[in-house]
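K.L.:
3D model of this:
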Amino acid sequence: MAKVGKRIQTAREGVDRDKLYTLDEAISLVKERSKTKFDETVEVAINLGVDPRHADQMVRGVCVLPNGTGKSVRVAVFARGDKAEEAKAAGADIVGAEELVQEVQGGKIDFDRCIATPDMMPLVGRLGKVLGPRGLMPNPKVGTVTPDVASAVNDAKGGAVQFRVEKAGIVHAGVGKVSFSEDAISQNVKALVDAVQKAKPSGAKGSYLKRIAVSSTMGPGVKVELSSVAGE
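P.N.:
Predicted structure coming up:
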């Protein structure tokens, strides 16, 4: 068994790995046990009763966190003409068409979120192999293929997080920073869980929300009572 580092061991002290804590208790523990010199991200893991290998059990969506994510997001927009101007006015970091496609194809990806107008998708579609594995491919289901580029840029800058269930049936997402107040983190967690519940797929059978845990980037996971987060 690998030796656990002293800092991790200290962070785990006082956290009962088997106990279910209320959301407020869990957030308080996560904040208390964040001992690093940087402002760690608070992360949520939601175990769902789905098998994402089946198309009718795929869970994906977007959630605008009421208190933002606490990190600055660089946004690229594929658009032309008036839509390109709208994107720039809304605060997009990179705006372009063919020339931006060429840059991305050449390996230059200097952004965290990617938005496209519908007319650009035949061009942007060529970037699937580059953007897809990084989770950056624009998609109408999460609002990143849209004629309303200004709103999409504002959402991305203001704290929209995209979520997608992984093979094991788990959704992971960052919901703020340890420096946030407990209330702000709690509101963000509840907003995410609500969005995941609303994204429940038609093929989900039985219990949908199974387990929820919160942690900081370097801290231990703290299990959360479902009833304190979501009314099922």
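K.L.:
Which parts of the protein are helices?
P.N.:
6-12, 23-32, 81-90, 98-105, 121-124, 128-131, 149-158, 182-198 (DSSP state H).
K.L.:
With distance to Glu166 and mean pLDDT added, can I get the ones you listed in JSON lines?
P.N.:
Where you see a C-beta, it was placed from the backbone N, CA and C, and this is true even at glycine. Conversion of the helices of the chain to JSON lines gives the following (distance: least, C-beta to C-beta, whole Å; pLDDT from 0 to 100):
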{"stretch": "helix 6-12", "distance to Glu166": "23", "mean pLDDT": "54"}
{"stretch": "helix 23-32", "distance to Glu166": "21", "mean pLDDT": "94"}
{"stretch": "helix 81-90", "distance to Glu166": "31", "mean pLDDT": "96"}
{"stretch": "helix 98-105", "distance to Glu166": "25", "mean pLDDT": "95"}
{"stretch": "helix 121-124", "distance to Glu166": "24", "mean pLDDT": "95"}
{"stretch": "helix 128-131", "distance to Glu166": "18", "mean pLDDT": "94"}
{"stretch": "helix 149-158", "distance to Glu166": "22", "mean pLDDT": "91"}
{"stretch": "helix 182-198", "distance to Glu166": "13", "mean pLDDT": "96"}
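K.L.:
Which of those sits closest to Ser228?
P.N.:
The minimum distance between Ser228 and those falls on helix 23-32, with 4.4 Å, by C-beta to C-beta.
K.L.:
Hey, what's the angle from the closest one to helix 182-198? Just curious.
P.N.:
Here helix 23-32 runs at 120 degrees with respect to helix 182-198, directions being taken by axes from the mean of the first three to the mean of the last three C-alpha atoms, to 10 degrees.
K.L.:
so Met120 sits right up against Phe78, yeah?
P.N.:
Yes. Using C-beta atoms under 8 Å, Met120 makes contact with Phe78 at a distance of 4.2 Å.
K.L.:
Could you pull out the residues contacting both of those two?
P.N.:
Common contact partners of Met120 and Phe78 (C-beta atoms under 8 Å, 6 or more residues apart in numbering): Ala97.
K.L.:
higher neighbour count, these two?
P.N.:
Neighbour totals were compared for Met120 and Phe78, and Phe78 leads with 28 against 23 (other C-beta atoms under 10 Å).
K.L.:
Wait, that one touches Val101, no?
P.N.:
Yes. Between Phe78 and Val101 there is a contact at 7.3 Å, judged by C-beta under 8 Å.
K.L.:
what do the two both touch?
P.N.:
Joint contacts of Phe78 and Val101 (C-beta under 8 Å, 6+ apart) are Leu123, Val124.
K.L.:
what pLDDT does Arg126 get?
P.N.:
Here the pLDDT value assigned to Arg126 is 93.
K.L.:
That one: neighbouring residues, count only.
P.N.:
Neighbours of Arg126 using other C-beta under 10 Å come to 13.
K.L.:
Bridged to Phe163, which residues?
P.N.:
Phe163 has these beta-bridge partners by DSSP bridges: Gly61.
K.L.:
Could you list which residues are in contact with it?
P.N.:
Counting by C-beta under 8 Å, 6+ apart, Phe163 has contacts Val59, Arg60, Gly61, Val62, Cys63, Val171, His172, Ala173, Leu192, Ala195, Val196, Ala199.
K.L.:
again, 7 Å this time
P.N.:
Residues in contact with Phe163, defined by C-beta atoms under 7 Å, 6 or more residues apart in numbering, are Arg60, Gly61, Cys63, Val171, Ala173, Val196.
K.L.:
if you skip the residues just before and after it, what's nearest to the first one?
P.N.:
Leaving aside its sequence neighbours, Arg60 sits nearest to Arg164 (C-beta to C-beta, 6 or more residues apart in numbering; 4.3 Å).
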